[in-house]
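**Student:** Kindly return the folded structure for what I paste below:
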Amino acid sequence: MSLLPSLLPETGRQVEEIAVRAQAEGRTPSLALAIVRDRAVLHQVFAGENPRPDAKTQYRLGSITKTITATLVMQLRDEGFFALDDLLYRHLPGTPIGGVTLRQLLGHVSGLQREPDGAWWERTPGGDVDKLLAELGYDKVVGPPFRRYRYSNLAYGLLGAVLEKVTGESWQSLAGKRVLDPLGMKRTTYSPVEPFARGYVVHALDRSLHEEPRLDAGAMAPAGQLWSTITDMAKWAAFWTDPAPAVLARDTVDEMCTPVVISDLESWTGGHGLGPQLFRVGERVFVGHGGSMPGYVAQLAVHRRSRLGVIVFANSYGLTGTTIKEVALSALDAVVDAEPAPVAPWSPPVQPTGEAAALVGRWWWMGREHEITTDGDALVMAGPHKQTRFTREGPDRWRGVAGENEGEVLQILRDDEGAVNGLDIATFVFRRDPHHLA
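**Tutor:** Purely as a prediction, here's the structure:
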C-alpha cells in the first residue's frame, strides 16, 4: 500500500489560498504554483486569465537557469576537465580578471560586479562570448574574493564561457544533451515554445499591462535564458532530492548544497552553495533558486529531507506587496508542516556477513551507548542524537561517508586471538563493556 500522490484536503486549501491571494494582491496577470514530491505533482494552482495557465504553459525561468549551469560545471569537474579551484585565466587565457576561481564564481564570492558592460543585458539582445570577454576589464572586480557575498550574473556568463572553451560545444547544446534530455525535460527550452505566457510590466498607477520583449541573452544565457513548465520543473525539483546518476552523483549534489557563504549576516536566513541558493525558514533549510527576467519571476525551492518541493511562476516583473520567494517558501513550509512523510514498507533486513557481522550491536564510549546496524554493504553507527555511515576500505578499516564522523576512519581493534575487542574512531575507542572508560 502506498500514499496517493496528492495533498491532504486542508493542506491543498491552504496552498490554494496562498497562490490565489498572491496573484490577486500581487497584481500579476497569471500565476502557477505546484507542490511536488518525487517527480509527481501533488497539487497545482493556476490563477489569472492572462493567460489562463496550465501545467504545459511555459514561463521564463530567469536565474533558476544558473542551477543547470552549475550542474554542467560540476559534471565536467567530476569528469576531470578542470578543478573548482582552477583560476579563471587557466581556461580563459588573457582575461584581466583571471585571478578568481571557478568555485568563487559558482558561489558568488568572486568579488565581480553584478552585470557585464553595456546596456542592460536582460532588455537588449545579447552578444557572443568573444564580445563578453573583450569587454572585461580590471574594474569588474569590485571587491576581494571571499570577503563577502556579491551576487553576480557576470560570474555565470563567464562560467558558460569556460564550459564552451573546454568542450568546444555551445552552452545551449551542453544543457540539452547533459541535463535536460537525460531527465526527460522536453518542455524546457532555450527559446519559448507555444503555449507560453507573455511577460508584462504592470503599471503601478493605472494597472495597465505592457508586454516585455523576449530576447536571446547570448553569452549571458547561462545566467537566465531557459523557459520551462510546472511538469518539467517537478523533475528538476526531484533531482535535488534524488539525483539521477546519469547527470550527477548524489555526493556531488550534496556538495553543491553545502553552504559556501551566508548572504544574510544579520539573521542567517539565506546563503549560497555551489549553484543553489539556500533559504532558512525557522529551523528548516530549503535549497533552490529564484529567477527574474523582464516580465517574469520564478522560484524553485526543495526540502531535501521530506522530498517536497515547490515551483511558482508569474508573468509580471515582480509582485505588488510581496515577492515570489515569500510566496513559494510560505507554501512549502506549510506543506512540510502538514503532510505526513511517505511510510516505506518494512522488510526483514539482510543478515550481515564477514567483518560486519562481528560489529553489529551495542557499543559504549564514556558511558554512552551507540548501536551499529547494517544498511546494505554499509555500517550505520547511531549514538545520542547523531549517527555516521561507514563503508569498508579494507581489512579492519571502514571510512565515514556521511554524518558526525564523515571522513574519519573506523579501525577494528583485535585481541591476541584475533577477536574484535574495540573500535577506534579518530582515537575514540568504543567497547562492548558499558563500564569500560578507556
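**Student:** How is this protein partitioned into domains?
**Tutor:** 9-338, 354-430 (automatic domain parsing).
**Student:** Buried deepest among those, which one?
**Tutor:** Each of those was scored by mean neighbour count; the highest is domain 9-338, a mean of 19, by mean count of other C-beta atoms under 10 Å. To be clear about C-beta, it is placed using only N, CA and C from the backbone, and glycine gets the same treatment.
**Student:** now stretch 202-212: mean pLDDT?
**Tutor:** In this model, stretch 202-212 carries a mean pLDDT of 87.
**Student:** swap that for stretch 145-161, sorry
**Tutor:** Here stretch 145-161 scores 92 as its mean pLDDT.
**Student:** Now do that stretch: distance from first to last residue.
**Tutor:** Stretch 145-161 has its terminal residues 20 Å apart, counting by C-alpha to C-alpha, to the nearest Å.
**Student:** need the contact list for residue 16.
**Tutor:** Contacts for residue 16 (C-beta atoms under 8 Å, 6 or more residues apart in numbering) come out as residue 45.
**Student:** ok but it is inside a strand, no?
**Tutor:** No: counting by DSSP: H, G, I helix; E, B strand; the rest coil, residue 16 is not found in a strand; it is helix.
**Student:** what separates it from residue 187, distance-wise?
**Tutor:** 24 Å (C-beta to C-beta, to the nearest Å).
**Student:** Is residue 210 part of a helix or strand, or is it coil?
**Tutor:** Each residue gets one of three states, and residue 210 gets strand by three-state DSSP.
**Student:** So it sits against residue 199, correct?
**Tutor:** No: judged on C-beta atoms under 8 Å, residue 210 makes no contact with residue 199 at a distance of 9.9 Å.
**Student:** Could I get the phi/psi values of residue 342?
**Tutor:** Torsion angles at residue 342 (phi, psi; degrees, to the nearest 10) stand at phi -60, psi 140.
**Student:** pLDDT at it, what is it?
**Tutor:** 77.
**Student:** related to what we said a few turns ago, quick one: the domains of the chain as a markdown table, columns for distance to residue 346 too.
**Tutor:** Below are those laid out as a markdown table (distance: least, C-beta to C-beta, whole Å):
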| stretch | distance to residue 346 |
| --- | --- |
| domain 9-338 | 19 |
| domain 354-430 | 14 |
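**Student:** Tell me which of the ones you listed approaches residue 436 most closely.
**Tutor:** Taking C-beta to C-beta, domain 354-430 is the member of the domains of the chain nearest to residue 436, at 6.7 Å.
**Student:** to the chain's geometric centre, what's the distance from the closest one?
**Tutor:** Distance of domain 354-430 from the chain centroid (C-alpha atoms, centre = their mean, to the nearest Å) equals 32 Å.
**Student:** which residues sit in contact with residue 279?
**Tutor:** By C-beta under 8 Å, 6+ apart, the residues touching residue 279 are 269, 270, 285, 286, 287, 288, 301, 325, 329.
**Student:** so it bridges to which residues?
**Tutor:** For residue 279, the beta-bridge partners are residue 270, residue 286 (DSSP bridges).
**Student:** State the distance from it to residue 297.
**Tutor:** 15 Å.
**Student:** same check, this time on residue 232
**Tutor:** For residue 232 relative to residue 297 (C-beta to C-beta), the value is 18 Å.
**Student:** which residues in the stretch 51-200 of the chain form strands?
**Tutor:** For the stretch 51-200 of the chain, strands defined by DSSP state E, counting those that start in this stretch occupy the ranges 59-60, 200-202.
**Student:** could you dump those to JSON lines with distance to residue 238?
**Tutor:** Output for the strands of the stretch 51-200 of the chain, formatted as JSON lines (distance: least, C-beta to C-beta, whole Å):
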{"stretch": "strand 59-60", "distance to residue 238": "19"}
{"stretch": "strand 200-202", "distance to residue 238": "31"}
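**Student:** looking at those, which is closest to residue 140?
**Tutor:** Ranking the strands of the stretch 51-200 of the chain by proximity to residue 140 (C-beta to C-beta) places strand 59-60 first, at 26.0 Å.
**Student:** What are the contacting residues of that closest one?
**Tutor:** The contact list for strand 59-60, computed with C-beta under 8 Å, 6+ apart, reads 32, 53, 192, 196-197, 199, 214, 224, 226-229, 291, 293, 295-296, 298, 313-315.
**Student:** let's see it at 6 Å
**Tutor:** Defining contact as C-beta atoms under 6 Å, 6 or more residues apart in numbering, one finds that strand 59-60 is touched by 197, 227, 293, 296, 313.
**Student:** With respect to residue 429, which of the residues you listed is nearest?
**Tutor:** Minimum distance to residue 429 across the contacts of strand 59-60 is 55.7 Å, recorded for residue 313 (C-beta to C-beta).
**Student:** which SS class is that closest one?
**Tutor:** Three-state call for residue 313 (three-state DSSP): strand.
**Student:** just checking, it touches residue 32?
**Tutor:** Yes: Residue 313 lies in contact with residue 32 (C-beta atoms under 6 Å); the separation is 4.6 Å.
**Student:** Could you list the low-pLDDT ranges of the chain?
**Tutor:** Applying pLDDT under 70 to the chain flags residues 1-5, 119, 438.
**Student:** tell me the centre residue of it?
**Tutor:** The residue lying closest to the centre of the chain (C-alpha atoms, centre = their mean) is residue 276, at 4.1 Å.
**Student:** Relative to residue 245, which of the strands of the stretch 51-200 of the chain is closest?
**Tutor:** Relative to residue 245, the nearest member of the strands of the stretch 51-200 of the chain by C-beta to C-beta is strand 59-60, separated by 29.2 Å.
**Student:** what lines up beside that closest one in the sheet?
**Tutor:** strand 227-228 (antiparallel).
**Student:** And for the partner strand, what's in contact with it?
**Tutor:** Contacts for strand 227-228 (C-beta under 6 Å, 6+ apart): 58, 60, 61, 188, 189, 192.
**Student:** and it, how far out from the chain's middle?
**Tutor:** Centroid displacement of strand 227-228 relative to its chain, using C-alpha atoms, centre = their mean, is 17 Å.
**Student:** Thanks again, I'm all set now.
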